[in-house]
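Novice: Provided below for reference: sequence and predicted model.
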Amino acid sequence: MMTRAKSWLYTTIRHFLSIHKISDASSRYIILRRNITLIMLFVTIVPLTVMGAINHFQYQESLKNEVIEPLRVLLNKTRHSFHLFLEERLSMIRFISSAYTFEQLSDPATLNRLYRVLKNEFEGFVDIGLINGKGLQIGYAGPYSLENKDYSQQAWFQEVLIRDSFISEVFMGYGKVPHIAIAVQRVEHDGTYWMLRATIDTNKFDEIISTMEIDAKSDAFIVNREGLFQTHSRYYGDVLGKSPFEILQGAYETTIDETVDPLGREVIVAYASFEKPNFSLVVVKPKDIILRTWITLQGEMFFIFFASVFVIIMIVIKLSDVMVMNIKEAEERRENAIHELEQNQKLSAIGRLAAGVAHEINNPLAIINEKAGLMKDLVTYSPDFEKKQRFLDLLTSIINSVGRCKTITHRLLGFARHKEPRLEPLDINHLVQEVVGFVNKEMVYRNIDLRTEFAEDLPRVLADQGQVQQVFLNILSNALSAVHDNGRVSITSWEEDKRNVGVSIQDNGSGMTEKTIQRIFDPFFTTKKAGGTGLGLFITYGIVKKLGGDIKVHSRENEGSTFTIYLPKVNGETDKEKAE
Amino acid sequence: MKSISVMLVDDEKEFVDTLAERLELRGIGVRVANDGETALPMIDDDPPDLVLLDMMMPGIGGLETLRRIRDRNPEVAVILLTGRGSEQEGEEGIQQGAADYMMKPIEIDQLMEKLEKYSG
C-alpha cells in the first residue's frame, strides 16, 4: 500500500515537472520557469522552516528551564526558611521544657518571665501555656486569660502524646488573628508527663514569603494538606480559604504544573511540600510573565523568518526569470546558428550545381547566339522579300532571349566562383551615392522622390567595393520595381553599434506578404512577372553574409518594404581615428 | 580604310565558323584555327591585326598561347574569350598581356567596337 502511494506520488511529481514535447515553445519556458522557481523555493524555504521550527522549540525548552530553575531554587530556599523558623521555635520550647521542671514552670512568675524573654528575643510568640497530663492548662502567660482550659479532647493533644512534639496548622485564635500552635511533651522519670504549648502568630510567614520578592502578577502562599490557605493569597483568597489549585501531598521535590487559574490566566504552579507540618509552599506565576522574553523573541524571529521568506521568493522569481531568459536566448541563438549553417550549406551546394549547369549551357548559348546573329545578318543584307521584317523581329527576339540567359549564367557563375572578397575600408555613404547615380535617370523619369539621410562622420566599413555596390544596386533596383511612379524611396545610414554600420533602403511600394518574405532569399524565387532571375537577393544575401554582415527585411503588403543591411566597421574604427 | 584582319582561335567549330562568317559579312578578313598549336605558325606566317583567343582549349590552352603570341609577335593585339563568365580570368589575361577580354556569348556590336579600337 505504501509503495503504491509512493509510486503514485512520484509519478504525479514527475508528470508535473516534466516539459511535454507537444507543448509549444512559450509554454515550455513558462513550465521551465515554474519548475525552477518551485525547486529553488523548495530547497531554500524548507530547510529554513525546519531550522526555524527546531530553533523555536529548542529555545522554548531551554528558556522554560531557565525560568523554572530559579523558581525551584527560590522554592527550596523559602521552604528552608520556614523550616528553620518553625524548628527554631520548637527547639526553644523543647529547651525550656528540658531546662525547667514542671514545678518551676507551674510558678506563674517563672512562666511570665520566660514569656517575656521569648517575646523579646523571638518574634511571633503570642502566649505560652503549661498543660498537665490530663490536658488541663495549669499555667498560662499571654494576652488572654486561658488558665484551666481543657485541651484533653483536642486532636493536637492526642498527637503530642504519640509524637512528643507538634506543630499545628493555622487557626484563627482569639482576636481573629491567624496563629499556629507548637507543643512538646515532657515525660518524667515516674512516668507522669506534661506539655508546654506556645502560640505563634503567622505574620512571620507573610514576611518570609515577602522575601521571595514575587512580582505583582504572581502569587505565593502556603496550603495545608486539605488545600486550605495557611497564609494570605494575593489573588485566590484569605487565610483558611480553599485553594483553587490541586496540590499533591508529599511532593518534597519541586513540582511544576501548568494550569488556568480562576482569573482565567494561564499560569505555572510550582510547589514543594514540608515534612512537618504537612504544608506545601506554592508559587503561582502567569505564563505570559515567564515567557514574555520568549514571546518578544519569537515575534522578532517570526518577523525575520517571514522577511527572509519574502526576500527569497523575490530573489527566486527574479533569478528564475533571468535564468529562463538566458536559456531562451541561448536556444534562440543556437537555432539561428543552425539555420544560418543550413543556409550557408544550401548556398554552397546550390552554387556548385548552378555553376556546373551554367558552364555547360554557356557554350551552346554562344553557338545559338552566333547562329541567330548570322541569320539576322544574312536577312539584313539580303534584298527585301516577303516577311523580311517578321524574320528580323523573330531573330531579334531570339537574340534578346539569349541575352537573358546569358545574364543568368553569368550571375550563377559569378556567384559560384568563390572569389575571395578584396576587403578595403569603404565610405559607405559615398558608395551608396555612387549606386544611386546608376539609377538616377530612371528615378527622374518616373518622378520618384528619393530621400537620403546619411549619418555624418560614419565610420568606414571593411568590405569589397564591387560586391557592396552589387548589394545596394540589387536592393535599390528592387525598391524601384516595387514603387509606383511618383513613389518614394528613402535611404538612411547610421552607426548601429560598436561593430556595425547600418544602411536601410525603404520604399512605399507594393510590399510583400509574410509568405513572400520567407522566400525572398531563396534562389530562383521571383515575383517579377518578366525578367527576374530570382538570383538578385539570393546573391545579395550570400555577399552580405560572406562579408560578415547581416541583412534584415521588414515589409507590409501595400505599405512598402524596408531592407536593412549591416556591415562590419573597419576594426575598432571610431570617428576620431578616422579623422586622424 | 585598310581592312582589318582577325585570327579566330577556338575549339568550338560551330561557334567560331559562324562568328567568322558574320565578321566577313562586315568586311573583316578572318582566319580560323581550332587550337593554339595550329594558330601560332599561322600568326608567325602572316601576323593579323588582332587575335580573338578562347581561354579554354585542348592542348596548350588559351593563356599559354597568349604568352607565346606575346613573345613572338608583340605587335599583335589579343582579345580573350572566356566561357566561364569570369572577370577574374579576364583580368589575369590582361596582366599576361592581353588587350581585352569578352565573355561568351558575345554581342557582335561590342566585338566590332573592340576590333576597331585595338586594330588601329
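Specialist: Received the coordinates, thanks.

Novice: Find the residue at the geometric middle of chain B.
Specialist: residue B:52 (0.9 Å; C-alpha atoms, centre = their mean).

Novice: Look up phi and psi at that residue.
Specialist: Main-chain dihedrals, residue B:52, degrees, to the nearest 10: phi -100, psi 110.

Novice: What distance do you get for it to chain A?
Specialist: The spacing between residue B:52 and chain A, counted by C-beta to the nearest C-beta, to the nearest Å, is 12 Å. Placement of C-beta: from N, CA and C, glycine included.

Novice: tell me the contacts of that residue?
Specialist: Shown in contact with residue B:52 (C-beta atoms under 8 Å, 6 or more residues apart in numbering or on different chains): B:6-10, B:19, B:78-79, B:81, B:111.

Novice: for residue A:52, same thing?
Specialist: Residues near residue A:52 by C-beta under 8 Å, 6+ apart: A:301, A:305.

Novice: That one and chain B, how far apart?
Specialist: 78 Å.

Novice: name the element that residue belongs to?
Specialist: helix A:25-99 (DSSP states H and E).

Novice: hmm, who's touching the helix or strand encompassing residue A:103?
Specialist: Per DSSP H and E: residue A:103 is located in helix A:102-106. Contacts with helix A:102-106, where a contact means C-beta under 8 Å, 6+ apart, come from A:96, A:110-111, A:114, A:130, A:132, A:138-139, A:186, A:188, A:194, A:196.

Novice: and these, which two are the farthest apart?
Specialist: A:114 and A:188 (19.3 Å; C-beta to C-beta).

Novice: Neighbour count: those two, which is higher?
Specialist: Set side by side, residue A:114 and residue A:188 show more neighbours around residue A:114, with 21 against 11, by other C-beta atoms under 10 Å in any protein chain shown.

Novice: Next up, the contacts around the closest residue in space to residue B:102 that isn't next to it in sequence.
Specialist: The spatial neighbour of residue B:102 that comes closest, neighbours along the chain excluded (C-beta to C-beta, 6 or more residues apart in numbering or on different chains), is residue B:81 at 5.7 Å. Residues near residue B:81 by C-beta under 8 Å, 6+ apart: B:10, B:52-55, B:101-104, B:106.

Novice: What subset of the residues you listed is buried?
Specialist: B:10, B:52-55, B:101-104, B:106 (16 or more other C-beta atoms under 10 Å in any protein chain shown).

Novice: Please, where are all the helices along the chain?
Specialist: Assuming you mean chain A. A:2-17, A:25-99, A:102-106, A:108-121, A:155-163, A:203-210, A:287-290, A:292-381, A:388-416, A:428-445, A:465-482, A:514-519, A:536-546, A:575-579 (DSSP state H).

Novice: I was after chain B.
Specialist: B:13-25, B:36-45, B:61-72, B:87-95, B:108-119.

Novice: Show me which residues of chain B sit near chain A.
Specialist: Neighbours of chain A within chain B, by C-beta under 8 Å from any C-beta of the partner chain: B:12, B:14-15, B:18-19, B:21-22, B:25-26, B:83-88, B:103-108.

Novice: One more pass at 10 Å, please.
Specialist: Residues of chain B lying near chain A by C-beta under 10 Å from any C-beta of the partner chain: B:10, B:12-26, B:54, B:56, B:81-89, B:103-109.

Novice: Please identify the buried residues of stretch A:76-85?
Specialist: Under 16+ other C-beta under 10 Å, the buried positions of stretch A:76-85 are A:78-79, A:81-82, A:85.

Novice: from the residues you listed, which single one is nearest chain B?
Specialist: residue A:78 (115.3 Å; C-beta to the nearest C-beta).

Novice: What count of nearby residues applies to the closest residue in space to that closest one that isn't next to it in sequence?
Specialist: With sequence-adjacent residues excluded and distances taken as C-beta to C-beta, 6+ apart, residue A:78 is closest to residue A:212, at 5.4 Å. If you count neighbours by other C-beta under 10 Å, residue A:212 ends up with 16.

Novice: ok and the one helix or strand in chain B whose mean pLDDT sits lowest relative to helix B:61-72, angle-wise?
Specialist: Using mean pLDDT, DSSP states H and E, helix B:87-95 stands out as the lowest-scoring helix or strand of chain B, at a mean of 81. Angle between the axes of helix B:87-95 and helix B:61-72 is 20 degrees (criterion: axes from the mean of the first three to the mean of the last three C-alpha atoms, to 10 degrees).

Novice: Please list the outside residues in contact with helix B:87-95.
Specialist: Contacts to helix B:87-95, defined as C-beta atoms under 10 Å, 6 or more residues apart in numbering or on different chains, come from residues A:410, A:413-414, A:417, A:419-420, A:466, B:53, B:55-56, B:62-63, B:66, B:78-84, B:86, B:98-103.
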